[in-house]
Each structure stands twice: as C-alpha cells, then as structure tokens.
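Q: Mind looking at a prediction? Sequence and model below.
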Amino acid sequence: MTAGLPTGFEGWVAEAARASGGRGLEWLDAQRRSALEQASAQGLPTNKDEQWRYTSLKGLQEQAFALSAEPLTALQPDDIEEALVAGLDSHRVVLVNGRFSPELSPLEDLPEGVRIAGLAQLLESDPDVLRGELNGVAGDELPLFAALNTAGLDDGVVVIVDDRRIVERPIELIHLSVGLDEPRVAQPRNLVILNAGAQATLIERYLSLGDSLYCTNCVTEVSLGRDALLAHERIQDESPNAFHITGFYLRQDTASSYRGINIGLGARWARTDLCVSFSGEHAECDLQGLYLAGDGQLMDYHLDVDHSLPNCRSQENFKGILYGKGRAVFDGLVFVAEDAQKTDAAMSNRNLMLSESAEVDTKPQLEINADDVKCSHGTTVGRIEPEMLFYLRSRGISAPIARRMLCLGFAGEIIDKLGAEPLRDYVTEQVGRRLESAPLS
Amino acid sequence: MLSVKGLRANVGDKEILRGLDLEVGPGEVHAIMGPNGSGKSTFAHVLSGREGYEVTSGSATFEGKDLLVLEPEERAQLGLFLAFQYPVELSGVNNTYFLKAALNSIRKARGEEELDAVSFLRLIKDKLKILHLDDSLLKRAVNAGFSGGEKKRNEIFQMALLEPKLAILDETDSGLDIDALRVVADGVNALRSPERSMIVVTHYQRLLDYIQPDYVHVLAKGQIIRSGGKELALELEEKGYGWIEAEGRAA
Ligand SMILES: Nc1ncnc2c1ncn2[C@@H]1O[C@H](COP(=O)(O)OP(=O)(O)OP(=O)(O)O)[C@@H](O)[C@H]1O
Ligand SMILES: [Mg+2]
C-alpha cells in the first residue's frame, strides 16, 4: 500500500497506525487513499520546485521516521507540569506524540455550545460531524506533507464552537512530544470550526519533554463562519533536535476576523505553510510572526493568501532574529484575483541579523490582477543599529545585555500582541534565554 | 577630575579634534561654545567612547584613569554621563526596563545593592517630578515618539537618576521652549554639587544665565582657542566667533 512513496517516508502512513481513527468509514478511507496516491505521485520535491527552492529535505529523508504503533498512556498530570505556562488559565487539551490524551485534558468545564474532542474518538462516536469538514479547507489537492498527514490520518483535536458562542478562556492545544527509543513521526490532525458569530482564542503549543529527535507533521484546518472571530496563537518550541512541519489551512466567511500569531523558536528544521482563503467579503486576516534561528537551525515560512473575493483585508507581518549560523526562509505570496476589487493587503518581513554567518532568503510577492486595490510589501535585512547600542552602553549597560534588550525590543512588537500576559512573559523569557547564549559570529 | 591633553581624533581620514586641552575640577561647570562643525559633539563622543573615532594622539583621564581604553559602559559605570544632542529612539525597548537596567548596572559597579522594584519606582517618580515629566512616559519605549523637548528632558531625567560624577550636556537647550528650558536648567542646577562636574555644550548664552558656568571655552576647528569666565559668553553673544578666530590667526 505504501509502495511508491518517496524513499524515507514509507513509515509515515504505516497501516498499524491506522488502527484507531474511523476505520471502515468509506468517505474517510477514500480521502486517505487519494492522499496516498498524491503523495506517491508527487515524489520528493527538489530545489527546482519553487516551494522548496531554499530548503533541503535531505536531513528529514535520512531519518526515515516511522509512526509509533502504540499510544503512550503512561504520562501522569504531574509529568507534564514543566510543559505548562505558569498562570495561564485555559481549557487545556494535551496530545502526546500526536494522540489526544483524555487523561491530560481536563475538559469538564467547557461552556455550552463548545465541543472539544479527540479526532479518533469523534470518528468513532460521531463521524458525520466530520464528513465534509475534514479536508474541507485544505482541499483535494494537497502538497506532499499535508498529503502524508491525510494518508496517515488518525488522531488530533476537533474544536467546534456553535453560532454566536463566545468562549472566554483560551483553548490551549499542547502538542507534546515524548522521546521514544526510535525516531518517530507524529501527524496530528486538527480541525477548528467557528460557526457564525462565534468567538474564541486558540493557543497551540508544540513542545517536547527532553530534547529527543522526532518529527511533527501537523495539519490544522480552520473554518470561520460569518462574523466569527478567532485569535490564534501558535508557539512552536519543539526540541532542538526535532523536525517540525505545519500545514495550516484557513477559510474565512463574510466579515469574519482572524488574528494569528506564529512564534517559531524550536526545532532544528521547521517548515510552516500558512494558506488563507476567503469564502465571503469583508473578512480580515492578520498574520503576525516571529522566528528565531540560531546555529544549525532552519525556519522556513510559506504564506499563501488568496484574495479571490473583493473587499477583504489581510496583513502579513513577520519578523526574524538570526544568529550564529541560523537560516530562515520567508516566501510570502498574496494573490489578488481579477474581480477582488478593494483588496487591502500589506506584507512585511523584517530580519535582524546578529552574525555574519546567519542567512535569510526573503521573497514577499504580490500577484495583483485587480486594478482598484491597496497592496504593499516590504522587506528588510538589517543589523543592530550602532547608535542604539551606544546609547544603551553609554548608560552603563553592558554590550551583551544591551544587544539583548534591542533584540527583545524588536521581537516585542509581535510578542506584545499575544493576548494573555502569562504567555507574553513566557515567550519573552524563551526568546531572552536563546539570545543570551546566541553566538554573534 | 577630567584631564584632556593634546587630544587628536579622526573620523576616517578627516581630523576633527586637533590637539584639544581641557582640565575640569570637581564641582566645576565648564561651558563649551563654538561654531557648527567645530568638533563639540565629536569631543563628547570621544570622551564617552562611541565607535567610529580614531584617537591619534593625546590623552583623556578621568579621576586618574585612562578613559580612552575603556568600553562605553565602563566609563558610564565610573560616573561619566552624556546627554545626547540627538537622543536615540529605541523602539520596543520599554523605558522602565531600560532605566532599571541602567541604574542597577551602575549601582552594581559602585558596589551598591540593586534596587528592588518598589524603591526603584519611588525613586523614578521623584525624579520625574523634578523634570515635570509625566508618569506615562515610563510605559513607553525609550524616546520613541517623544517630542524634541521631551527627549531633552528625558536625558536630564536619566542624569538625575544615574547621578554621574561628570555630565556632558550636548546642546541640551536646543529645541526647548522657554518654560522647558527653565525646567531643564532647574533640574541641572538641582544636581550641582561640590563633587559633580559638568561640561555644558551650547550655542546660546541664554542657557548660561540659568546654569552659571565657572569657565567658558571656545572650541573652533578642533581646538580650544579661548577660555575665560562667564563674561566670555556675553562677548561671544555680541560679537560672534569671527573676532577670536581672527585674533588667533593674527597671533
Ligand atoms: N561620523 C562622521 N563621519 C563624517 N564626518 C563626521 C562624522 N562625525 C563628525 N563628522 C564631522 O566632524 C565635524 C565636527 O562635527 P561635530 O558634530 O563634532 O560638530 P559640532 O561642533 O558638534 O557641531 P554642531 O554645533 O553643529 O552640533 C563636522 O564637520 C562633521 O561633519
Ligand atoms: Mg554638536
């Protein structure tokens, strides 16, 4: 069944892993099959492929990751203490190695009209809810990693908020990786549906206990109904030895509003695809990002914002701090269709380089086919301003601390947008800690 | 306290300071006046350790220590303070955080305890009052979006907080309205003490009515070409710099 997949990726869709989630559902099996065919037909992209021009898949391929057959049930609530953000009050959902963990997800006090469940669970108990929704946003034509995720589709989290429900506390998805004997791939699949007028905050955190080698290949689909509002904060803080792949698919209906913040700190190799489409007018999409890349790290972001309808607004604002031999890629495309008049889109990518050997490839693009639009893009690659550094040092602040203050000042623009103070403090501390040990050459 | 002898400094190939001499004793206030481009800010920058200047000869010692071999932060920790002619905007760097880092690093260097959050806040609120600055400034980024006058007052506010031994005020009066000038001058005067010295760079005699200097120097083409008491400032106000430079050439 897995023959034809690119070498090194055969284990990603192993039959064993498909034991639980919704076996025997005709429509789902058809999706899995079609995804598997697509993944096999595509083969492994090379640097001739525009989407992979700056990023090599060699390291990932060599690892020959495989899915783990058995769910990990041994974790107790105490064990995950270190993975929590102090003071953050949330509806917490924990996935361990890609599998929903009911024991670690205290979901008793969910407000009415909010449904949060493990995907595998829901595929057993109420699969009709998911029919038409899974792959509903991502679509039928999937790039390699989303196809692999779909082919191996098994577990993850589903969040559904009914019409006009406002969820006060943030919903926090903790994607936890726990080291296993062999390098494993986890392919969580998340689905978030906010129906008309619903409002929620979703925090997604990707992290590990320990610094083991593994791969996360997640797909999150988000569908926002008319007037719905979602604040979505993603913090990728995987193990320094991990590989991380995100396929994020968002569809926004009329006058809905999405405010996303993507923070990339961990993993040695991280690829994030953010794909936005509109199914109604007057919707607003705000994508903010902050990434750090140090020695041996690659942070690769691809944005694809498809303005197919008039009167929508999008903003893409990504900032990066690179040090040591860190590398980053920012490849952002805003597409404006012929009749998408009054589109308002602004894309920016700014990079702060702390060393000579760090490298960034930045390519923001606008493809505009309508004539009455307001679109802009800009990119900068700069260093710490010597005047700023001198000003701080002239006040008695040592050079390393002064540099860190300036970097945190640069990052602060994004961090300050996080809704919850405990999370802002947490991220500030994580960023500060990395900069503290950042080599400057 | 400060002793500068035969100081020469270049920017690139261009010599800006050409044998500058200056002695500043404890508690003294020295005014430096001089035409645009004569090297006043350069002098202030060289003393405070800014990069981009090459000292080719001469010396500058502060309380017997060779200033020129020290890092900027080490000079500040010894008690040197520069109020910038053009204060730098540090977007994203919170003012309170910045002030606390500055004060504590200087206190640490002096062998004093770091201040806890409560005493620190009390202290800055006191100092803000002296400069008639609003509390809200603490929540903002350092100098970001400050008006010209606010930036200058913020410099003197920092000086009040850090209590340096030698302060160099580079055109702190430029861009201040009449009331702000008085506030800043009062702030500076409040800091005058027998141990604290100041070098006040200015183009205007007016400031010197408020901050009475012990000495006035004229800096032209990278040298001090004339020194005198405060009456020299009045004379300069009246006649400009031409006559001294002419006398210098004649001599
Ligand atoms: N970084 C630099 N690069 C090139 N030239 C410089 C630099 N810094 C200073 N200079 C030059 O050195 C000279 C002295 O400049 P400086 O700023 O010290 O003058 P100043 O006396 O402070 O003038 P003002 O009264 O206008 O403030 C000027 O001619 C200036 O252009
Ligand atoms: Mg000047």
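A: Everything's here; your move. Ligands and ions are numbered 1, 2, ... in the order given.

Q: what helices or strands is the worst-scoring helix or strand of chain A on mean pLDDT leaning on?
A: Evaluated with mean pLDDT, DSSP states H and E, the helix-and-strand set of chain A has its lowest mean pLDDT in strand A:66-67, which scores a mean of 85. Here strand A:66-67 touches strand A:184-186, going by 3 or more Cβ pairs under 8 Å, 6 or more residues apart in numbering or on different chains; DSSP states H and E. C-beta coordinates here come from the backbone N, C-alpha and C atoms, glycine included.

Q: Contact partners for A:Leu122?
A: Residues near A:Leu122 by Cβ atoms under 8 Å, 6 or more residues apart in numbering or on different chains: A:129-130, A:158.

Q: what about the helices in the stretch 151-251 of chain B?
A: When assigned using DSSP state H, counting those that start in this stretch, the helices of the stretch 151-251 of chain B occupy the ranges B:178-190, B:205-210, B:231-239, B:242-250.

Q: Also chain A?
A: Ranges of helices within chain A are A:26-42, A:58-63, A:119-125, A:144-151, A:386-393, A:399-415, A:421-436, based on DSSP state H.

Q: what about the fifth one and chain B, any contact?
A: Yes. Taking Cβ under 8 Å from any Cβ of the partner chain as the criterion, helix A:386-393 and chain B are in contact, through A:386-388, A:390-393.

Q: Dump the contacts of A:Leu122 to JSON lines, plus distance to A:Leu265.
A: Output for the contacts of A:Leu122, formatted as JSON lines (distance: Cβ to Cβ, whole Å):
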{"residue": "A:Val129", "distance to A:Leu265": "34"}
{"residue": "A:Leu130", "distance to A:Leu265": "32"}
{"residue": "A:Val158", "distance to A:Leu265": "27"}
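
Q: okay if I get the helices of the stretch 151-251 of chain B as TSV plus distance to chain A, mean neighbour count and mean pLDDT?
A: Output for these, formatted as TSV (distance: least, Cβ to the nearest Cβ, whole Å; neighbours: other Cβ atoms under 10 Å in any protein chain shown; pLDDT from 0 to 100):
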stretch	distance to chain A	mean neighbour count	mean pLDDT
helix B:178-190	17	17	91
helix B:205-210	22	18	90
helix B:231-239	27	15	88
helix B:242-250	31	12	76
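
Q: Take those and lay them out in TSV including distance to A:His282.
A: Compiled in TSV, the helices of the stretch 151-251 of chain B are given as follows (distance: least, Cβ to Cβ, whole Å):
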stretch	distance to A:His282
helix B:178-190	47
helix B:205-210	57
helix B:231-239	64
helix B:242-250	68
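
Q: middle-most residue in chain B, spatially?
A: For chain B, the residue nearest the mean C-alpha position is B:Ile168 (1.9 Å; Cα atoms, centre = their mean).

Q: Could you do chain A as well?
A: If you average the C-alpha coordinates of chain A and look for the closest C-alpha using Cα atoms, centre = their mean, you land on A:Thr246, 4.8 Å from that point.

Q: wait, doesn't it sit right on A:Gln236?
A: Yes. Contact status for A:Thr246 versus A:Gln236: in contact at 7.3 Å, counting by Cβ atoms under 8 Å.

Q: joint contacts of those two?
A: Between them, A:Thr246 and A:Gln236 share the neighbouring residues A:270, A:272, with contact defined by Cβ under 8 Å, 6+ apart.

Q: ok now do A:Arg383, which residues does it touch?
A: The contact partners of A:Arg383, by Cβ under 8 Å, 6+ apart, come to A:352-354.

Q: number of nearby residues for the residue lying closest to B:Arg226 once chain neighbours are set aside?
A: In space, B:Arg226 comes closest to B:Val218 once its chain neighbours are excluded; the distance is 4.3 Å by Cβ to Cβ, 6 or more residues apart in numbering or on different chains. Other residues lying near B:Val218 total 24 when counted by other Cβ atoms under 10 Å in any protein chain shown.

Q: Specify the beta-bridge partners of B:Val218.
A: Beta-bridge pairing of B:Val218 under DSSP bridges involves B:Met33, B:Arg226.

Q: Which pLDDT value goes with the closest residue to B:Lys151 other than its chain neighbours?
A: If you skip the residues right next to it in sequence, B:Lys151 has B:Pro87 as its closest partner in space, 4.3 Å away by Cβ to Cβ, 6+ apart. On the pLDDT scale, B:Pro87 is placed at 96.

Q: Wait, B:Pro87 touches B:Asn143, no?
A: Yes. Using Cβ under 8 Å as the test, B:Pro87 is close enough to B:Asn143 to be in contact (5.0 Å).

Q: residues in contact with the residue in the stretch 201-350 of chain A positioned nearest to ligand 1?
A: For the stretch 201-350 of chain A and ligand 1, the shortest gap (Cβ to the nearest ligand atom) falls at A:Arg350, measuring 25.4 Å. For A:Arg350, the set of contacting residues under the criterion of Cβ under 8 Å, 6+ apart consists of A:318-320, A:379-382, A:410.

Q: Which among the residues of helix A:386-393 next to chain B count as buried?
A: Buried residues within those, defined by neighbour count using 16 or more other Cβ atoms under 10 Å in any protein chain shown: A:388, A:390-393.

Q: just curious, which of those is nearest to ligand 1?
A: Nearest to ligand 1, judged by Cβ to the nearest ligand atom, of those is A:Phe390 at 12.0 Å.

Q: residue in the stretch 301-441 of chain A nearest to chain B?
A: When distances are taken as Cβ to the nearest Cβ, the stretch 301-441 of chain A reaches nearest to chain B at A:Gly409, 2.9 Å away.

Q: Now the phi/psi pair for the nearest residue to that residue once chain neighbours are set aside, please.
A: What sits nearest to A:Gly409 in space, not counting adjacent residues and going by Cβ to Cβ, 6+ apart, is B:Gly92, at 2.9 Å. Main-chain torsions, B:Gly92, degrees, to the nearest 10: phi 90, psi -10.

Q: hang on, the earlier thing: return the most buried member of the helices of chain A.
A: Taking mean count of other Cβ atoms under 10 Å in any protein chain shown as the contact definition, the stretch among the helices of chain A with the greatest mean neighbour count is helix A:144-151, which reaches a mean of 26.

Q: Can you list the helices and strands that that helix packs against?
A: Packing partners of helix A:144-151 (3+ Cβ pairs under 8 Å, 6+ apart): helix A:26-42, strand A:214-224, strand A:243-252, strand A:269-278.

Q: Mind doing that once more with 7 Å?
A: Identification of packing neighbours for helix A:144-151 by 3 or more Cβ pairs under 7 Å, 6 or more residues apart in numbering or on different chains; DSSP states H and E yields helix A:26-42, strand A:214-224, strand A:243-252.

Q: Just put the ones you listed in a markdown table and tack on mean pLDDT and distance to ligand 2.
A: Below are the helices and strands packed on helix A:144-151 laid out as a markdown table (pLDDT from 0 to 100; distance: least, Cβ to the ion, whole Å):
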| stretch | mean pLDDT | distance to ligand 2 |
| --- | --- | --- |
| helix A:26-42 | 92 | 63 |
| strand A:214-224 | 97 | 55 |
| strand A:243-252 | 98 | 51 |
